[in-house]
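Engineer: attaching a predicted model along with its sequence, questions to come.
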Amino acid sequence: MSGPVRATRASTRAAVLDLVRAAGTISRVGLVNASGLTGGTISTVVRGLIDEGLVAETGHAESTGGKRRVMLQLNHFARYAIGVHLDDARITYVLTNLGGAVVARISRAGAAREEPAAVVARMAREVDALIDSAGVERGRILGLGLVSARPARFGPELERATGLPVVLDNDATAAAIGEHWSGGVGVTATFAALYMGSEIGAGVLLGGTTHRGPSGHAGAIGHACLDVDGPPCPCGGRGCLEVLAGPAAVVAAARRDRALSRAAGLTGARTRPRAPVAADFAAISRAARQGDARALALLERSARYVAAAARTLANALDLEALVLTGPSFAIAGSVYLPVLREELDRAFAAHPVAVRLSPSAASAAAIGAAAIVLQSELVPRHQGVRLPDDLAADEPPVFQPA
C-alpha cells in the first residue's frame, strides 16, 4: 500500500505519530518519503509532537556524504495506558507505556459470581493498586481499555469509579491490536490473532487497519460451521468450532472420561462449584504436558478442528500471518502450534502463512486493551488514512512481516 496520505490536520498528526511509532527511529526526510507530505508540513507536525513530549530527537543517522540527518523516535514514557481483561477465570491488569511495553501487571481471581457493582468497585481498587505499584503520575495515563469475550456493560460506571476515560472492545480484537501496536507484525500486514481463552475468536487487521465489521463481531471464528450435522450450538447453528473443539468442549470430553477427570483434577463438581472453563482447560493441558496420553489426544483432536477453521480464515482473508494468543494457547500452544503450521503449509498454496505463538499470549488481551487506548487517543485512523509499506526509503526497515 503506497501513495500520499490525504488527511485533515488532526489525522495528519496522527499518521505522522504512527509512522514514528511503527518505524522505531526515522528522520524527517524518511517521514516525507513515507507519508507523501511536504517537508514543511512534516517539520511543523514534528515540532508540535516534540513540544508535546510525544516524540524525541535521538542522535543522527550515519553520514552518506551530506549533512547527517537527525533521527526521531517515540518518547515511550510520555504517556501510559491501562488495559483490563475481564474473564471468568482471571482479571488481568496491565499498565503499558506509549510503545505498548508492560510497565506493571497484576492478576486477580475472576468475577463470574459477583454483582456488577461489586466488580466495578473491586476493579477501581485494583487499578489504583496497579498505578501505585508503578509510581506513574496519574495525569500521564490516557485512559483504560476494558475487554472481555462478551460485551461489558459497565463502562460508564468504571469511568466514574476510576476517573479515567474507558474504551470497550472484545478480547480477540484487542489481542490483534496489541500485536500490531507492539510491532509484532508488519505495519501494513494482513493478519489475524487467533484467540483462545474460555472461547475461541479472532481479531483481524487488514493492511494494518482493524476490521470489526458493522456489528463489531468480525472474526467470530468459533461459530464457523465444521459439521452441518454436528451438535447444536448456542448461537443457533450446528457443528460450530466452539461446540466441537473449543475449551468447553475439551473440558466436557475430559469429564466424561473418569480416569482423565481424576488425573487432571477435575473431580469434585458435585460438592463444590465447578472451576471456570479456562481453569479446567489449563488443568487438562498440564496433564498432557506431564505425559497423560488421553489428555494429549483430546488437545490434538481440538487442534485439528481449530486448524481447519484457521485454514478457512486464511483463505477467505488471504492472511500473511496468524498469531496464536490468549491464556489457553499460552498453556497449550505447544500442542496446537505444530498442527496449525502443518495444516496451513499443506493446504494454503497461495503464499506462505507465518504461524507463531505470541510471546505475551497469557496477557495479550489486557495488553491489547491498553493499545486500544493508545491508538484511539493518539493515532485515530479514518478511512483513507493508511500507512505505506515502505516507511523510509532512505533508511533500513525496522520491522519485517511476521
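Structural biologist: Thanks, I have the structure now. From a predicted model like this one, the values you see are computed outputs, not experimental measurements.
Engineer: nearest spatial neighbour of Arg138, chain-adjacent residues omitted?
Structural biologist: Ile131 (6.2 Å; Cβ to Cβ, 6 or more residues apart in numbering). Bear in mind the C-beta positions are built from the backbone N, C-alpha and C, glycine included.
Engineer: burial measure for the one you found, as a count.
Structural biologist: 20 (other Cβ atoms under 10 Å).
Engineer: helix, strand or coil for it?
Structural biologist: Three-state assignment for Ile131 (DSSP: H, G, I helix; E, B strand; the rest coil): helix.
Engineer: Val103 is in contact with that one, correct?
Structural biologist: No: using Cβ atoms under 8 Å as the test, Ile131 is too far from Val103 to be in contact (10.1 Å).
Engineer: overlap of the contact sets of these two?
Structural biologist: Common neighbours of Ile131 and Val103, using Cβ atoms under 8 Å, 6 or more residues apart in numbering, are Leu95.
Engineer: list the contacts of the most centrally placed residue in the chain.
Structural biologist: Taking Cα atoms, centre = their mean, the centroid of the chain lies closest to Ala175, which sits 1.2 Å from it. When contacts are counted by Cβ under 8 Å, 6+ apart, Ala175 touches Ala193, Tyr195, Gly203, Val323, Thr325, Gly326, Ser358, Ala364, Ala365, Ile367, Gly368.
Engineer: 10 Å - rerun?
Structural biologist: By Cβ atoms under 10 Å, 6 or more residues apart in numbering, Ala175 lies in contact with 85, 147, 192-195, 197, 201-203, 323-326, 329, 358, 360-361, 363-369, 371.
Engineer: tell me which of the residues you listed fall in helices.
Structural biologist: Those of the contacts of Ala175 mapping onto helices are Phe329, Ala364, Ala365, Ala366, Ile367, Gly368, Ala369, Ala371, per DSSP state H.
Engineer: the last one: neighbour count?
Structural biologist: Other residues near Ala371 number 27, with proximity taken as other Cβ under 10 Å.
Engineer: grab the nearest non-local neighbour of it.
Structural biologist: Nearest non-adjacent residue to Ala371 (Cβ to Cβ, 6+ apart): Trp181, at 3.8 Å.
Engineer: how far away is that neighbour from Arg21?
Structural biologist: Separation of Trp181 from Arg21 (Cβ to Cβ, to the nearest Å): 8 Å.
Engineer: mind listing the shared neighbours of these two?
Structural biologist: Residues touching both Trp181 and Arg21 by Cβ under 10 Å, 6+ apart: Leu98, Gly99, Gly100, Leu374, Gln375, Val379.
Engineer: mind checking how far the last one is from Gly110?
Structural biologist: Okay, so that is Val379. Distance, Val379 to Gly110, by Cβ to Cβ: 32 Å.
Engineer: ok now do Ala129, which residues does it touch?
Structural biologist: By Cβ under 10 Å, 6+ apart, the contact set of Ala129 is Tyr93, Ala104, Ile106, Arg108.
Engineer: and Arg125, by the same measure?
Structural biologist: Neighbour list for Arg125: Ala161, Thr162 [criterion: Cβ under 10 Å, 6+ apart].
Engineer: show me where pLDDT drops low in the stretch 301-402 of the chain?
Structural biologist: Along the stretch 301-402 of the chain, segments meeting pLDDT under 70 span 348-349, 380-402.
Engineer: can you give me the strands for it?
Structural biologist: 321-325, 354-357 (DSSP state E, counting those that start in this stretch).
Engineer: then the least confident helix or strand in the chain by mean pLDDT to PDB, C-alphas only?
Structural biologist: Here the helix or strand of the chain ranked lowest by mean pLDDT, DSSP states H and E is helix 9-23, holding a mean of 82. Output of helix 9-23 as PDB, limited to C-alpha atoms (Å, rounded to 0.1, in the frame of the first residue of the first chain):
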ATOM      1  CA  ARG A   9      -4.700  18.400  10.300                       C
ATOM      2  CA  ALA A  10      -5.600  16.100  13.200                       C
ATOM      3  CA  SER A  11      -5.300  12.900  11.200                       C
ATOM      4  CA  THR A  12      -2.000  14.200   9.700                       C
ATOM      5  CA  ARG A  13      -0.600  14.500  13.200                       C
ATOM      6  CA  ALA A  14      -1.900  11.000  14.000                       C
ATOM      7  CA  ALA A  15      -0.500   9.500  10.800                       C
ATOM      8  CA  VAL A  16       3.000  11.000  11.400                       C
ATOM      9  CA  LEU A  17       3.000   9.800  15.000                       C
ATOM     10  CA  ASP A  18       2.000   6.300  13.900                       C
ATOM     11  CA  LEU A  19       4.800   6.400  11.300                       C
ATOM     12  CA  VAL A  20       7.300   7.300  14.000                       C
ATOM     13  CA  ARG A  21       5.900   4.600  16.300                       C
ATOM     14  CA  ALA A  22       6.000   1.900  13.600                       C
ATOM     15  CA  ALA A  23       9.500   2.800  12.300                       C
END
